[in-house]
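Colleague: 3D, please:
(4 chains)
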2 protein chains.
Amino acid sequence: MGSESAALDSAFMALADPVRRSIIARLSRGPATVNELAEPFEISKQAVSKHIQVLEQAELVTRSRDAQRRPVHLNPARLEALTAWIDQYRLVREGQFRSLDAVLRSQAADSSG
Amino acid sequence: MGSESAALDSAFMALADPVRRSIIARLSRGPATVNELAEPFEISKQAVSKHIQVLEQAELVTRSRDAQRRPVHLNPARLEALTAWIDQYRLVREGQFRSLDAVLRSQAADSSG
DNA sequence: TCCTTAAACAACCGATAGGTTGATAAACGA
DNA sequence: TCGTTTATCAACCTATCGGTTGTTTAAGGA
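Modeller: Numbering: from 1, shown residues only, chains lettered A, B, ... in the order given. Take a look at the predicted model:
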């Protein structure tokens, strides 16, 4: 494990934008074309198309073909990979950090193995 | 809900960097100072300090005071907020998208409520 | 007081993210 | 074939990111 770092980079980066998160939310209710996805936003279609490419490179969405349309749909598996990463760390007990100063002082005082 | 968009922006952005994720991983095992956190990396201490500031602004970590040291520790609550966001969408059934073309064609053909 | 340690501040730099406009490609419909 | 729709490609611009080096602040210790 650990070599999927670039995949996590691109996936978290992809979610770090409100437009792209909004697209994810929309796609959770079913697939949509670029035009449909662009409609709620005030930015250009090209900009939305770029956002979709970012999501696609992060493998958070996939695309198919329907005549001229390039419908986009969600890839829930990638989202699960992100929660899996986060869950490693969010389960840490708060109590572990209860007396922080004590921990630090013992590190400074005790230099033996 | 939905007005915490900026918080999600900064939190996901913060996780979109391998150094910062590594810092999170390290902190899950206990608090650490900037120097301790910087040690595993080849980049400068200032660079690590900036990374920590990014994590702090995203409220993924907090800091305290211990003499000259500014120990950093994890804020698991923020991580939970991220999984909460993702979980809204990752639970979508794959079957919903089974016959994609049919869905799209019915949208085009059927314009009544 | 003077020196050391821990860490932040500041200015700067190259790369890239997010946006724009304009042009192009691909597939259908008459 | 010609026009329309759908969407991408290409070039460009500005702001921000991740890194650097140098300076400064804060807190102890001799």
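Colleague: where along chain A do the strands fall?
Modeller: Applying DSSP state E to chain A gives strands spanning A:61-63, A:72-74.
Colleague: If you count contacts, what does the last one end up packed against?
Modeller: Which is strand A:72-74. Applying 3 or more C-beta pairs under 8 Å, 6 or more residues apart in numbering or on different chains; DSSP states H and E, one finds that strand A:72-74 contacts helix A:18-27, helix A:45-57, strand A:61-63. Every residue, glycine included, has its C-beta placed from N, CA and C.
Colleague: Quick check: mean pLDDT of that strand?
Modeller: Per-region confidence: strand A:72-74 scores 97 on mean pLDDT.
Colleague: Just the residues contacting that strand, thanks.
Modeller: For strand A:72-74, the surrounding residues in contact (C-beta atoms under 8 Å, 6 or more residues apart in numbering or on different chains) are A:23-24, A:27-28, A:30-34, A:37, A:52, A:55-56, A:60-64, B:89, B:92, B:97, B:100.
Colleague: 10 Å instead, please
Modeller: A:23-34, A:36-37, A:52, A:55-56, A:60-64, B:89-90, B:92, B:94, B:96-97, B:100, B:103 (C-beta atoms under 10 Å, 6 or more residues apart in numbering or on different chains).
Colleague: Distance from the chain centre to that strand, please.
Modeller: 15 Å (C-alpha atoms, centre = their mean, to the nearest Å).
Colleague: buried residues in that strand?
Modeller: A:72, A:73, A:74 (16 or more other C-beta atoms under 10 Å in any protein chain shown).
Colleague: Repeat that for stretch A:42-54.
Modeller: For stretch A:42-54, the neighbour count (16+ other C-beta under 10 Å) marks A:48, A:51, A:52, A:54 as buried.
Colleague: Those: which ones sit near DNA strand C?
Modeller: A:51, A:54 (C-beta under 7 Å from any atom of the strand).
Colleague: For the buried residues of stretch A:42-54, give me CSV that also has distance to residue B:6.
Modeller: Converted to CSV, the buried residues of stretch A:42-54 look like this (distance: C-beta to C-beta, whole Å):
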residue, distance to residue B:6
A:48, 21
A:51, 18
A:52, 22
A:54, 19
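Colleague: Return the residues of chain A in contact with DNA strand D.
Modeller: A:33-36, A:45-46, A:49, A:52-53, A:63, A:68-71.
Colleague: what angle separates the lengthiest helix in chain A from helix B:76-90?
Modeller: In chain A, assigned by DSSP state H, the helix with the most residues is helix A:76-90. With axes from the mean of the first three to the mean of the last three C-alpha atoms, to 10 degrees defining the directions, helix A:76-90 sits at 160 degrees from helix B:76-90.
Colleague: can helix A:76-90 be found next to chain B?
Modeller: Yes. Helix A:76-90 reaches chain B (C-beta under 10 Å from any C-beta of the partner chain) through A:76-90.
Colleague: same question, stretch A:60-70
Modeller: Yes. Using C-beta under 10 Å from any C-beta, stretch A:60-70 reaches chain B at A:60, A:62, A:64, A:65, A:66, A:67, A:69.
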